[in-house]
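>>> Show me how the following folds:
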Amino acid sequence: TMAIQAAVDGLPGTLSDLFELTVRDGMEDDLIQAGAVDKLKQLFENNALDEAAQLRALKALRNLAVASESRRDRLMNDGVAELCLRILESTSYQGDVRAKAADALKELCTGDHKAAVDRRKDKVVDLGGMAKLVLCLKENEPEVLQGSAAGCLWKIAFGKESRKDLLVSSGALPHLVRMVSSGGSEEMVKQAAGTLHTTSATSQNRKRAVLEAGGLEALMAIMNNNTSTDVVKQAAGALLNICSRDNNFNTVINTCASGLIRCWEDLAGTRAALAPLFEVLARNTNDAGREKLRDLELHKRLIPMMKSTSAEERPVACAATVAHLIGHIENHPDLKADEPMFQLFEDCLKRAFRGEAIFGITYPPMVPLQGLMRLAINDDNKGLIARINLPTVIDVMDADVSTPRSSNDSCHEAAVKIITSVIFAANLTAEQRARVRRVLQATKEDGRNDEVKRQAGLGLFNLDNQESRRTKSVKKPPAAVAAAGEAEGDAGHVMLSYPWAHQKTMLLVKDWLEEEGYKVWMDINEMSGSILEAMADAVEQSACIIVCMSSEYKESNACRTEGEYAYRLKKPIVPVRPTPYSPQGWLGALIGNSLYYDITATANQGNGALAKQDIGTKDAFLHQVKKYVRPAAGAKPKASSNQASVSGTAATATATTTSTASKLTPGEEQLAKQLADVQNSLKTLESRLERQDQLLEAIRDRSGGGGCCVVS
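Numbering: from 1, shown residues only. As a prediction, this is how the structure comes out:
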């Protein structure tokens with residue numbers, strides 16, 4: 001006690017002794033009681049300290065606040081925050097002294113008691129601390145001060161939305177982004193990245209502000225170039241927050257996926273931060289983004305982590321990422337989806353809805369639900385999902401349909417898609433079927449949105465369809481199917497069955513058919529409500545079905561409903577292929593050895609016009625359709641814009657030739673001759689198509705059902 005009093009009374013000469021006492025455990029309260037805080041403040045007010053002494057005094061004040069809520073409150077009440085802010089805004093102090101003032105202020109804003117911490121942070125804000133700290137981020141300030149000020153802002157902003165909003169409105173973001181991009185000290189970059197991480201959480205407006213300040217580019221550059229575990233961890237967290245704004249998932253994948261994987265390989269300490277980012281990217285990107293991640297073999301790096309029990313390796317996030325990348329692919333060589341994987345999702349889902357952690361991490365329900373939704377696309381997985389996960393998914397739906405509409409629509413949609421997918425292939429028990437029917441009926445009547453209602457309707461339709469197979473035969477289609485070798489089929493309409501992603505291409509196919517006078521049924525707006533019944537009627541009344549053979553078709557519950565119902569009714573199926581794709585699973589069985597018509601050039605062209613190299617394919621396709629259905633009685637084929645132009649010219653030329661043959665100019669005579677040649681060529685082409693058709697039929701007969709034949 002005498003030594004403490006002597007150190008306080010002897011200031012500033014005893015400053016070294018006092019500092020040494022502050023680093024000893026158990027001395028802090030006695031030093032405060034002896035008046036150390038007031039003495040140190042007085043020394044600053046009297047300008048009685050040189051730079052080295054100023055640094056030591058500020059370190060002593062910080063040490064007095066460490067590890068005690070009551071001491072932090074005492075120092076705050078004794079005016080230490082005001083002292084630190086005066087030092088921060090005064091350029092008469094050196095940069096390292098002002099940095100130590102920011103460190104002391106940061107310690108005052110630290111603690112475990114949330115209410116007490118928020119009171120101290122709010123007091124700093126009320127004293128103008130946020131604005132004064134932002135001024136310390138300017139480029140002309142020393143790096144050490146910029147880093148300490150950023151760290152203090154990070155601490156103050158954390159925990160309350162209004163403080164994060166104030167940080168943005170105070171103009172901090174451009175400075176923070178510049179600091180991240182500067183290539184400066186590791187500590188400064190870490191503190192800036194951490195502040196961006198905290199600021200970008202939850203609020204869409206703040207995410208937008210970070211993006212507008214150039215945050216996305218700066219953070220992606222860190223992933224490609226930085227080798228600091230601490231910096232990468234904070235940058236990954238900030239990227240996780242902001243990439244969802246404006247759907248920047250593909251941008252992140254295309255720009256820094258390789259860098260992210262490098263960090264995963266080289267900086268093992270970053271995996272806890274990178275795994276959730278990988279999961280969000282894989283879940284929300286498109287097929288091209290997932291393909292790039294597969295090409296980089298991300299899934300191979302994550303599969304070993306799926307069986308870990310370490311929170312640092314994030315087994316749930318790793319399993320969900322793998323599910324999104326390859327879980328839907330049948331017989332994928334890198335993944336054997338076994339019981340432990342589905343049990344992991346089951347445990348996570350149960351805990352998520354109770355708000356409990358698994359392996360130390362609390363996940364939102366949509367992480368396991370959407371992972372299961374992706375796995376449910378693969379028929380090989382449906383039995384495991386039905387046995388292990390379906391009861392809990394139904395429990396989720398049971399709870400969800402009775403809760404307010406504020407519950408998560410994404411979870412609701414994922415759950416109903418899992419149930420609808422499982423119906424196709426899993427052998428459900430009578431009890432499961434009854435529970436599924438009840439929850440789907442409730443969802444169809446009071447779903448959160450049109451997509452949820454549509455999926456519930458699809459599930460009910462397929463349940464009914466399966467049950468009718470067990471109890472009664474299918475009603476005979478209204479029109480018999482023409483034999484494959486007949487020159488002309490039956491009356492009726494052509495139905496187009498396609499996934500939404502290929503609507504533009506299929507609208508062009510619709511035009512081709514209507515130009516020939518066919519009646520065409522095409523769902524332009526996605527099915528919901530009574531439109532589902534309209535789809536069933538359309539299949540039943542159709543003379544043939546045009547199937548858009550693609551990965552999107554195979555993965556769509558709606559398309560599978562149409563395709564399998566058409567197959568069950570023994571409807572002729574004519575596949576068209578808009579992208580390179582080899583049908584697998586149920587779609588491969590549906591297509592069988594049917595001829596398919598490759599129109600990838602037209603689809604890739606993307607302008608709604610027929611590609612030159614697909615002209616022959618179009619003609620062969622129309623000739624195939626003609627076998628199963630004839631144009632509507634009395635219908636006159638509609639000419640396409642090109643045909644109309646040619647035929648209009650021909651009609652004009654013919655009329656001119658007839659009425660004023662003697663007045664034709666040499667140029668007009670040449671045009672008339674060319675048109676006559678075109679007509680003769682068309683007759684020759686028709687004859688060749690007849691012969692080509694005979695050849696194709698012979699090829700199909702000789703193939704003996706051994707796969708698809710392509711026409712292109």
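
>>> contacts and neighbour counts: CA atoms only from here.
OK.

>>> For Lys382, give its distance to Asn241.
Lys382 is 33 Å from Asn241, where distance means C-alpha to C-alpha, to the nearest Å.

>>> More neighbours: those two, which one.
Relative neighbour count places Lys382 above the other of Lys382 and Asn241, with 25 against 22, counting by other C-alpha atoms under 10 Å.

>>> what helix or strand does that one sit in?
Here Lys382, judged by DSSP states H and E, is contained in helix 379-384.

>>> what mean pLDDT does that helix have?
For helix 379-384, mean pLDDT is 91.

>>> List the contacts of it.
Here helix 379-384 makes contact (C-alpha atoms under 8 Å, 6 or more residues apart in numbering) with Glu330, Ala337, Glu339, Phe342, Leu375, Ala376, Ser421, Val422, Ala425, Ala426, Asn427, Gly585.

>>> quick one: which of those residues is nearest Arg560?
Checking the contacts of helix 379-384 against Arg560 with C-alpha to C-alpha, the nearest one is Ser421 at 9.4 Å.

>>> How confident was the prediction at that closest one?
93.

>>> Tell me how far it lies from Leu127.
From Ser421 to Leu127 the distance is 58 Å (C-alpha to C-alpha).

>>> cool, and Ala376?
56 Å.

>>> Compare the two and say which is more crowded by neighbours.
Ranked by neighbour count (other C-alpha under 10 Å), Ala376 and Leu127 place Ala376 first, with 27 against 14.

>>> hang on, isn't that one packed against Ile423?
No - with contacts counted by C-alpha atoms under 8 Å, Ala376 stays clear of Ile423, the gap being 10.1 Å.

>>> Go ahead and flag the most central residue of this protein.
With distances taken as C-alpha atoms, centre = their mean, Asn284 lies nearest the centre of the chain, 0.8 Å away.

>>> Which residue ranges of the stretch 451-600 of the chain form helices?
For the stretch 451-600 of the chain, the helices defined by DSSP state H, counting those that start in this stretch occupy 503-515, 530-541, 551-555, 557-568, 585-591, 600-605.

>>> lowest-confidence stretch among these?
Sorting the helices of the stretch 451-600 of the chain by mean pLDDT places helix 530-541 lowest, at a mean of 82.

>>> Quick check: buried residues in it?
Residues Leu532, Met535, Ala536, Ala538, Val539, Glu540, Gln541 are the ones in helix 530-541 that count as buried (16 or more other C-alpha atoms under 10 Å).

>>> Counting by contacts, list what it packs against.
Packing contacts for helix 530-541, counted by 3 or more C-alpha pairs under 8 Å, 6 or more residues apart in numbering; DSSP states H and E, involve helix 450-471, strand 493-497, helix 557-568.

>>> model confidence over the first one, on average?
Per-residue pLDDT values across helix 450-471 average out to 82.

>>> From the chain's centroid, how far away is stretch 150-161?
What separates the centre of stretch 150-161 from the centre of its chain is 29 Å, taken as C-alpha atoms, centre = their mean, to the nearest Å.

>>> And for stretch 207-216?
On the basis of C-alpha atoms, centre = their mean, stretch 207-216 sits 19 Å off its chain's mean C-alpha point.

>>> Return it as PDB; C-alpha atoms alone will do.
Output of stretch 207-216 as PDB, limited to C-alpha atoms (Å, rounded to 0.1, in the frame of the first residue of the first chain):
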ATOM      1  CA  LYS A 207     -24.300  -3.700 -47.400                       C
ATOM      2  CA  ARG A 208     -25.200  -1.400 -50.300                       C
ATOM      3  CA  ALA A 209     -23.100   1.400 -48.800                       C
ATOM      4  CA  VAL A 210     -20.100  -1.000 -48.500                       C
ATOM      5  CA  LEU A 211     -20.500  -2.100 -52.100                       C
ATOM      6  CA  GLU A 212     -20.800   1.500 -53.300                       C
ATOM      7  CA  ALA A 213     -17.600   2.400 -51.500                       C
ATOM      8  CA  GLY A 214     -15.800  -0.400 -53.400                       C
ATOM      9  CA  GLY A 215     -15.700  -2.900 -50.600                       C
ATOM     10  CA  LEU A 216     -16.400  -5.900 -52.700                       C
END
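
>>> any idea of the mean pLDDT in that stretch?
For stretch 207-216, mean pLDDT rounds to 96.

>>> Might you list the low-confidence residue ranges for the protein?
Residues of the chain meeting the criterion pLDDT under 70: 337, 400-408, 447-448, 469-491, 525-531, 633-712.

>>> and if we set it to 80?
25, 336-338, 398-410, 426, 446-448, 467-492, 524-532, 606, 608, 632-712 (pLDDT under 80).
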